[in-house]
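>>> sequence and predicted structure below; questions after.
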Amino acid sequence: MNLFLRPIKLGLRAKLTLLIESLVVILVLVTGYITTIREKETLENELRKRGLALASDLANFMARPLLSHDLPTLRRFVNQSMEQDYVRYVIVLDPKGKVVMHSDLSEVGKTYMDGLSMAAVKSRNPGYTDLHVSKNEELHCDMFMPIQVSEVRLGTIRLGYSHMAVEKEIAEARQQIFIIGLLTAVGGGFFAYLLATFISSPIKRITDATGKVANGYLNTQLMIKRDDEIGTLANAFNKMTEDLRRTTVSKDYFDNIIKSMHDTLVVIGQDAKIRSVNKATCELLEYKEGELIGRDMNLIVPEEEKIFRSEGFQKLVEESIVVNREIDYVTRSGKRIPMLFSSAVLKNKEGKVEGAVCIARDVTERKQAEEALRESERELHFLSSQLLTAQEKERKRLSIELHDELGQSLMVLKLKLRSIQEGLQAGQARLKTECDQGIAYINEVIENVRRLSRDLSPSILENLGLSAALRWLVDAFTKHTKIECSLEMREIENMFSEEEEITIYRMIQECLTNIAKHAQATHVSLIIREQEGSAFFRVEDNGRGFNVREAFSKDPGKKGLGLAAMYERTRMLGGAIDIWSQEGGGTRITFTVPLDDGGYQK
């Protein structure tokens, strides 16, 4: 209970800030109230004008249908009017008060004898009523407008216009006034804080300077040039520190050593407040030395750094922890500078902890170099993916030219040779035999051209999909290499885009090509299945294997592009690849492609 009875202690700056902010809030509240009242009156007048304008347009449009008793046209005008926002009903009355047309068809034919209807029928001028509550408890305003041609009264339009339009706009206006008021209050608070700071800052500087002198920093001077009592107090303080400095041992030698350092040096006390800084620190952080002395260390380190918070700093002091890490320093302008930071506990001759010494080096250039290296790597990946894409397009173009141009030319040559053969005489058996040999050779060339065309750009991949293309690839591999190959595959159709299917096909093709060229294997196993949200691919052989580390450590000029292309294609797929091999123990290449990753990466 005594805790709540204690008086709250506020500084001079806080008191001034609260006083000025209170005046701003009162001004905002009064202005907002007056503005809301005036806005409401303006919107209600606008509502009446809008309703009368709509009623006037209806009166003009309905004159001809009334003369011709065209009820469908009247009904259409009424329906169109009801589509307007906030129109609740439309009534067309004849000069005797009989309902000619109504938005509620059940009312047509009735005669309205109520005061409003009679006043509307008898009035020769347009008018409106005050706001009142309808049957469904909705606040609205009635508008009426005479329908007449050449001073002949044909009838009257009655229009019910909801007050919700005004209420909605009033609500929006109040919200805007609230936001403006809130921003004004915040701005006023900021201004109040600045004004209070201007008034109380000299007193705070005198208080801080007194604390520095008490801690032994006798070089402290107050740069306050004023002609009032505060100026007199500052001059007296400066004279006092000058007298103390004359009678105290100088620290210039020690200070010169600190100032000559190129790295930043900050000495902090047990309370985590800065006790000393060198010239490099001031130049880097854009502060003057006097602006840092006595300030909390958290002034120059970001908020997320917990090492200088109460618990973190106490742990560092108590356990004499030496800190070596990268942190950011925050300059006066708010700029963050990456630093290689080192901190150690400072003790006196008796071994008592007095604080900590913090030395840090600006590593901005190193960070920029690292970022440039990462950017270069990103550009390299982009160029690699573009190269593979361009290679695939060129393969497709060559495949089409081989199939369409060279294939057709060979077929024509074959037909011409057969035509020549058929024209030979019976006694030209040797020529017929040579023609048969030529045709057989052309057939072999045609088959090779087709195989090259399929290898360059397998049309089966586009026509029948990835599963069929991989089965054909395995069959062709077995046929041409005489290496036994087993395929265990679950259907993977419609799982990948066209680009992803081509990339996966090329990776499997590269694996089988490398096996045929280098592995000297007798059996190859290919497994394809879905596994934990990814497509799983594994190609394994029982060949002679190789040293993976040695293969990747070769000079780039001597190292082939096959493995590098596989890694790049895996990256483009957003997947992961693992290559295992042992000399004499075969090779196993495994890669996975996520099925829910969002697609192809370039």
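On my side now, so go ahead. Computed from a predicted structure; not experimentally measured. Numbering: from 1, shown residues only.
>>> drop to CA atoms for contacts and neighbour counts, all remaining ones
Noted.
>>> what ranges do the strands span in the stretch 451-600 of the chain?
Taking DSSP state E, counting those that start in this stretch as the test, the strands found in the stretch 451-600 of the chain are 484-489, 523-531, 534-541, 576-582, 586-594.
>>> nearest to residue 36, out of those strands?
strand 586-594 (58.0 Å; C-alpha to C-alpha).
>>> report the mean confidence score over the closest one.
Over the span of strand 586-594, the pLDDT mean works out to 91.
>>> just for the stretch 351-500 of the chain, where's the confidence low?
Low-confidence segments of the stretch 351-500 of the chain (pLDDT under 70): 376-408, 410-412, 414, 421, 447-460.
>>> before we move on, which element is residue 359 in?
Following DSSP states H and E, one finds residue 359 within strand 353-362.
>>> show me the domain layout of this structure.
12-170, 249-362, 363-457, 461-602 (automatic domain parsing).
>>> now the first one: average pLDDT?
Per-residue pLDDT over domain 12-170 has a mean of 79.
>>> is residue 370 in a helix, a strand, or coil?
Secondary structure, DSSP: H, G, I helix; E, B strand; the rest coil: residue 370 is helix.
>>> re earlier: which of the domains of the chain sits closest to residue 207?
Nearest to residue 207 among the domains of the chain is domain 249-362; the distance by C-alpha to C-alpha comes to 10.8 Å.
>>> ok now that closest one, how far from the chain's centre?
The chain centre lies 36 Å from the centre of domain 249-362; the measure is C-alpha atoms, centre = their mean, to the nearest Å.
>>> equivalent analysis for stretch 418-434, please.
Centroid separation between stretch 418-434 and its chain, computed with C-alpha atoms, centre = their mean, is 77 Å.
>>> need the residues that contact that stretch.
Residues outside stretch 418-434 that contact it (C-alpha atoms under 8 Å, 6 or more residues apart in numbering) are 435, 439.
>>> can I get stretch 463-479 in CSV, CA atoms only?
Extracted in CSV, the C-alpha atoms of stretch 463-479 (Å, rounded to 0.1, in the frame of the first residue of the first chain):
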residue,chain,number,x,y,z
ASN,A,463,4.6,-36.2,-76.3
LEU,A,464,4.3,-38.9,-73.6
GLY,A,465,5.8,-37.3,-70.4
LEU,A,466,8.7,-37.8,-68.1
SER,A,467,7.9,-41.4,-67.0
ALA,A,468,7.8,-42.7,-70.6
ALA,A,469,10.9,-40.7,-71.5
LEU,A,470,12.9,-42.2,-68.6
ARG,A,471,11.8,-45.7,-69.5
TRP,A,472,12.9,-45.2,-73.1
LEU,A,473,16.2,-43.7,-71.9
VAL,A,474,16.9,-46.8,-69.8
ASP,A,475,15.9,-49.2,-72.6
ALA,A,476,18.2,-47.3,-75.0
PHE,A,477,21.0,-47.3,-72.5
THR,A,478,20.7,-51.1,-72.1
LYS,A,479,20.5,-51.7,-75.8
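>>> in that stretch, which residues are buried?
For stretch 463-479, the neighbour count (16 or more other C-alpha atoms under 10 Å) marks 465-467, 469-470, 473-474, 477-478 as buried.
>>> and those residues, which is closest to residue 52?
Distances from residue 52 to these, taken by C-alpha to C-alpha, are shortest for residue 465, at 68.8 Å.
>>> next, the residue nearest to the closest one when sequence neighbours are not counted: phi, psi?
Excluding the flanking residues, the one nearest residue 465 by C-alpha to C-alpha, 6 or more residues apart in numbering is residue 493, at 6.6 Å. Dihedral pair for residue 493: phi -70, psi 150, per degrees, to the nearest 10.
>>> and residue 493, how many residues sit next to it?
Applying other C-alpha atoms under 10 Å, we find 13 residues neighbouring residue 493.
>>> give me the three-state assignment for the residue of the chain most remote from its centre.
Residue farthest from the centre of the chain, counting by C-alpha atoms, centre = their mean, is residue 427 at 85.0 Å. Secondary structure state of residue 427, per three-state DSSP, is coil.
>>> next: the one 3 residues further on.
The three-state assignment at residue 430 reads helix, by three-state DSSP.
>>> in stretch 49-63, which residues are buried?
51-52, 54-56, 58-59, 62-63.
>>> got the contact list for it?
So stretch 49-63 is in contact with 74, 77, 126-127, 143-149, 154, 156-159, 161, going by C-alpha under 8 Å, 6+ apart.
>>> do stretch 157-173 as well
36, 39-40, 43-44, 47, 51, 55, 58-59, 86-93, 120, 131, 138-147.
>>> quick check: end-to-end length of that stretch?
With C-alpha to C-alpha, to the nearest Å as the measure, stretch 157-173 spans 32 Å from end to end.
>>> quick one: buried residues of it?
If you call a residue buried by 16+ other C-alpha under 10 Å, then stretch 157-173 has these buried ones: 157-163, 165-166, 170, 173.
>>> dump these to CSV, plus secondary structure.
Below are the buried residues of stretch 157-173 laid out as CSV (three-state DSSP):
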residue, secondary structure
157, strand
158, strand
159, strand
160, strand
161, strand
162, strand
163, coil
165, helix
166, helix
170, helix
173, helix
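>>> got the domains of the chain as a markdown table, with distance to residue 196 columns?
Below are those laid out as a markdown table (distance: least, C-alpha to C-alpha, whole Å):
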| stretch | distance to residue 196 |
| --- | --- |
| domain 12-170 | 5 |
| domain 249-362 | 19 |
| domain 363-457 | 38 |
| domain 461-602 | 55 |
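>>> and of those domains, who's closest to residue 200?
Smallest distance to residue 200 across the domains of the chain (C-alpha to C-alpha): 5.6 Å, for domain 12-170.
>>> gap between the closest one and the chain center?
On C-alpha atoms, centre = their mean, the centre of domain 12-170 falls 47 Å from that of its chain.
>>> sorry, back to before: which strands border the strand holding residue 359, and is each parallel or antiparallel?
If you go by DSSP bridges, strand 353-362 pairs up with strand 264-269 (antiparallel), strand 336-347 (antiparallel).
>>> buried deepest among those strands, which one?
Ranked by mean neighbour count under mean count of other C-alpha atoms under 10 Å, those are led by strand 264-269, which reaches a mean of 22.
>>> now the buried members of the contacts of stretch 157-173.
Buried among the contacts of stretch 157-173 (16+ other C-alpha under 10 Å): 36, 39-40, 43-44, 47, 51, 55, 58-59, 86-93, 120, 140-147.
>>> if we can go back for a sec, in JSON lines, list the strands paired with strand 353-362 along with distance to residue 275 and mean pLDDT.
Output for those, formatted as JSON lines (distance: least, C-alpha to C-alpha, whole Å; pLDDT from 0 to 100):
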{"stretch": "strand 264-269", "distance to residue 275": "5", "mean pLDDT": "85"}
{"stretch": "strand 336-347", "distance to residue 275": "12", "mean pLDDT": "84"}
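>>> which of the ones you listed sits closest to residue 24?
strand 336-347 (35.4 Å).
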